[in-house]
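S.K.: I'll drop the sequence and a predicted model, then ask my questions.
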Amino acid sequence: MPKKSKKLVKRSSRPSTAESDHILSQISWIESELIRINPDFGGYAKECFLACTRPLQLAVVGEYSAGKSTFLNALLGEQILPSGVLPTTGAPIYIRQGESASFTMKFYNGQHTQYNIERLHDMSSRAESGGLHEDFSAVELIELYHPSPLLREVFFVDTPGLNAPNEEDAQLTERILETSDAIIWLTSAEQVLNNTEQQTLKRFSERYQDKALCVISKIDLVDRGDRQEVLTYARTQMKGYFKKIVSASAQLALRGDASALQDVLSALKEEVLPQARTWVKENQLREMTAYVKELKKFLVEEHEETKRYLKAIEEAQAQHQRNLTTFHRELLLEYQQLSSHLKDTYHTFTSTLWSSLDTYTSVEPYQEVVEGFFVDDYVISYRDVEYWKVSDRFLEHADEKVETFTQKGLDHLSQRLDVIREKLEENLQRLLNSVIEAHTEACERLLDPVEFSNYVHLDVHNKYEIDDALSMFRHYGQGALSCGGTYSLNFHIASQELTTKPNLHQVRELADIYLPVSVFLGDCETRADTVTEIVTNRTAHFFSMMINFTKEDLEASQVTIAQLKSILTRV
C-alpha cells in the first residue's frame, strides 16, 4: 500500500476559518469514500485530524549572538533556558507544555534521562567555567517542559542555526526547518543583516519565506528615536525574505513590560499561526490526495499485472490441453497394443486348445430287429461311440494360463500408463511453476496455482482414475473366467456329442463366449476416451476456477480504480 508523503504546501494568502473548515470536511469526505470502497483503504483521516489539531512546530533560528535563549524565555515568561553555552552543542531543544519546568535528555541509543530545570543551568555554568567533565556527545536532543499557556498551541524548537560551525548541525537545522509549521528568524538590532546572514537568507527565503516571521531582537539597545528607522531599514533590506518583520525586546519583557513582545505575539496570533494551521490542514489534504493517487497508481499496476497473470494462466491451460491430446493419443496406443497383444495370445491359446481336442468313448443305444413267426420284433443293443472334447491334460491348467497372460498384459499396461501419467503431471507442474516464477506477486495476492491444485484435489499426480479403469478390466476378466472359462467351453463341446472334430473357427467362437477375450478386444478408443475425460474434467475445473477468480478480481479492481478516479476529480 502507498505511504503518505511529507511535503509541505505553501500559501501566499491569509486563510479564512471557513476555508480551513472546508479542508477538514474534504479530508473527512475522502476518508468516508475510501472506507465505502474498501474498509482497508481507510484509517488515514484519524492521523490527519491529529496532525491538524496538534500543537504547531515553531522553529527559532538565528545566529549565536541573536539572543534566542533570552527570546524564548521571554515568550515563556520565565528564565528557563540558560543564556550561556550548553555542553550539548548541536543538539536541538524542543520546548513543550508540561506540568512543571523540567527537561529530558534523549540519547542516540534510545535511552533518555529526566532532570529538573536547575540541572540545565548548572550544566551551562560548569561548561562555561570549564568545570564540566561529562561527555554529552551522545545526546541527540533535549526536550524541555514548561506549563506556559502558549505551549498549548505551539511548541518551539531551538535550532543550532543555518550558520552552524559544522555541516552536520547545519543539515540538522535544515531538516527541522523543513518539517516546521512556522519559523521565527531572530536577528539582532545591533547589526541587522550582517554578512553571514545575507549569505544564509538568500537560500533560506527560497524555501521558507511563506512561513517565516522575522523578529528584530534587542530593540531596547537602540535609542528610542532610532528604533523605527532600524525597523524600516530591516523591512527594506529584507523585503521578500519574510512574511512579516517586527521588533521585540526580550529583556524588557522579562522585566514585566508586556508591550515589548506585543508585535511578536500579535503577528503570531493573527497571521503566522492561523496561516500555519491552515497550511497543516492543506498539507494533510494534499497527503490524502497524494495517497489516493498513489493508491490508484498501485491498483492500476496491480490490475495490469493481474491481466498478465490471467494471460499466463490461459496460456498454461491451452498448453495443458495440447498435452492432454498427446496423453490421449499415447493412452489409446497403449490400449490398442494391449488388445493386439492379447488378441495374438488368445489366438495362439485357442489354436493350442483346438490342437488338444481329444475323443472320449461313450455308449450309444440302438435298436436291433429280430425276425419272428408272426411279426418282427426288436431289442435295444449298445455300441461304443467316439465324441470330441478338450483333453484332460490341457484342461487342467488352461484357466490358470488364461489368467496369467491376461494379468501380465494388464500389469504391462499399468506400468506404461504410469509413465504417460507422470509425464502429464510433470508437464502440468512445469506449467504452473512457470506461472509462479513469472508472477510471484499475483500468485501471493490471488491464487498460488500449485497450492490451489492441492486445495481442490486436482490429483493429476495420482493414478486413481487409471487404476480404476484397469481394475474394471481385471474384474471383468476374473468374472468371465469364474462364470465361464475353459471348463464351460469344454462342457459345451462335449454336450454337443460331436463325432467329427470341430474346426478352429468354431472353437474360437466358443472362446469368445466363455473366455474374457471380448472384454479386452473391445472398443479401446472408448476406454482411452473415458480415462482422458476424467483427467480432463478435473483439470478443466481447476483452470476454470483459476480463470474465473482472476476475472472477478479484474472486474472488481476496475470498479475500484474508477471510484478512486471519481474521488480525485472532486477534490
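M.R.: Yep, it's here.
S.K.: now the strands for the stretch 201-350 of the chain?
M.R.: Secondary structure of the stretch 201-350 of the chain (DSSP state E, counting those that start in this stretch): strands at 212-217, 244-247.
S.K.: just put those strands in CSV and tack on mean neighbour count and distance to residue 406.
M.R.: For the C-beta atoms, the positions are set from N, CA and C on the backbone; glycine is no exception. Listed next are those as CSV, based on neighbours: other Cβ atoms under 10 Å; distance: least, Cβ to Cβ, whole Å:
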stretch, mean neighbour count, distance to residue 406
strand 212-217, 25, 100
strand 244-247, 21, 106
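S.K.: let's have these in TSV, adding distance to residue 446 and mean pLDDT.
M.R.: Formatted as TSV, the strands of the stretch 201-350 of the chain follow (distance: least, Cβ to Cβ, whole Å; pLDDT from 0 to 100):
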stretch	distance to residue 446	mean pLDDT
strand 212-217	51	91
strand 244-247	57	92
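S.K.: so which of these gets nearest residue 318?
M.R.: Across these, residue 318 has its closest neighbour in strand 212-217 (65.8 Å, Cβ to Cβ).
S.K.: note down every partner strand of the closest one and its orientation.
M.R.: Strand 212-217 pairs in its sheet with strand 182-188 (parallel), strand 244-247 (parallel), by DSSP bridges.
S.K.: before we move on, back to that, quick one: closest of the strands of the stretch 201-350 of the chain to residue 502.
M.R.: Distance to residue 502, taken as Cβ to Cβ, is lowest for strand 212-217 among the strands of the stretch 201-350 of the chain, at 121.2 Å.
S.K.: show me the contact partners of the closest one.
M.R.: When contacts are defined by Cβ atoms under 8 Å, 6 or more residues apart in numbering, strand 212-217 is touched by residues 62, 66-67, 70-71, 182-189, 192, 204-205, 230-231, 234, 238, 241-250, 264, 267-268, 271-272.
S.K.: what's around residue 223, how many residues?
M.R.: Residue 223: 9 surrounding residues under other Cβ atoms under 10 Å.
S.K.: and it, backbone torsions?
M.R.: The phi/psi pair for residue 223 (degrees, to the nearest 10) reads phi -50, psi 140.
S.K.: measure it to residue 190 for me?
M.R.: 12 Å (Cβ to Cβ, to the nearest Å).
S.K.: ditto for residue 433
M.R.: Between residue 433 and residue 190 the computed distance is 77 Å (Cβ to Cβ).
S.K.: neighbour-wise, which of those two wins?
M.R.: Set residue 433 next to residue 190 and count neighbours by other Cβ under 10 Å: residue 190 wins out with 16 against 13.
S.K.: was I right about that one contacting residue 218?
M.R.: Yes. With contact defined as Cβ atoms under 8 Å, residue 190 counts as touching residue 218 (6.1 Å).
S.K.: what ranges do the helices span in the stretch 101-250 of the chain?
M.R.: For the stretch 101-250 of the chain, the helices defined by DSSP state H, counting those that start in this stretch cover 117-129, 167-179, 195-208, 227-237, 250-254.
S.K.: mean confidence score for the last one?
M.R.: Same thing as helix 250-254. On average, the pLDDT along helix 250-254 is 92.
S.K.: for it, packing partners?
M.R.: Contacts defined by 3 or more Cβ pairs under 8 Å, 6 or more residues apart in numbering; DSSP states H and E place helix 250-254 against helix 68-76.
S.K.: run the angle between the helix or strand just after the helix it packs on and helix 68-76 for me.
M.R.: Using DSSP states H and E, the next helix or strand after helix 68-76 towards the C-terminus is strand 93-97. Between strand 93-97 and helix 68-76, the angle comes out at 10 degrees (axes from the mean of the first three to the mean of the last three Cα atoms, to 10 degrees).
S.K.: could you give the separation of the longest helix seen in the chain from the chain centroid?
M.R.: Using DSSP state H, we find that the single longest helix of the chain is helix 273-355. Remark: helix 273-355 is offset 18 Å from the chain centroid, using Cα atoms, centre = their mean, to the nearest Å.
S.K.: what angle separates that helix from strand 182-188?
M.R.: Counting by the same axes, to 10 degrees, helix 273-355 points 140 degrees away from the direction of strand 182-188.
S.K.: point out where the stretch 51-200 of the chain drops to low pLDDT.
M.R.: Residues of the stretch 51-200 of the chain that meet the criterion pLDDT under 70 lie in 84-90, 130-135, 162-165.
S.K.: please name the nearest non-neighbouring residue to residue 312.
M.R.: The shortest distance from residue 312 to any residue other than its chain neighbours is 4.8 Å, reached at residue 435 (Cβ to Cβ, 6 or more residues apart in numbering).
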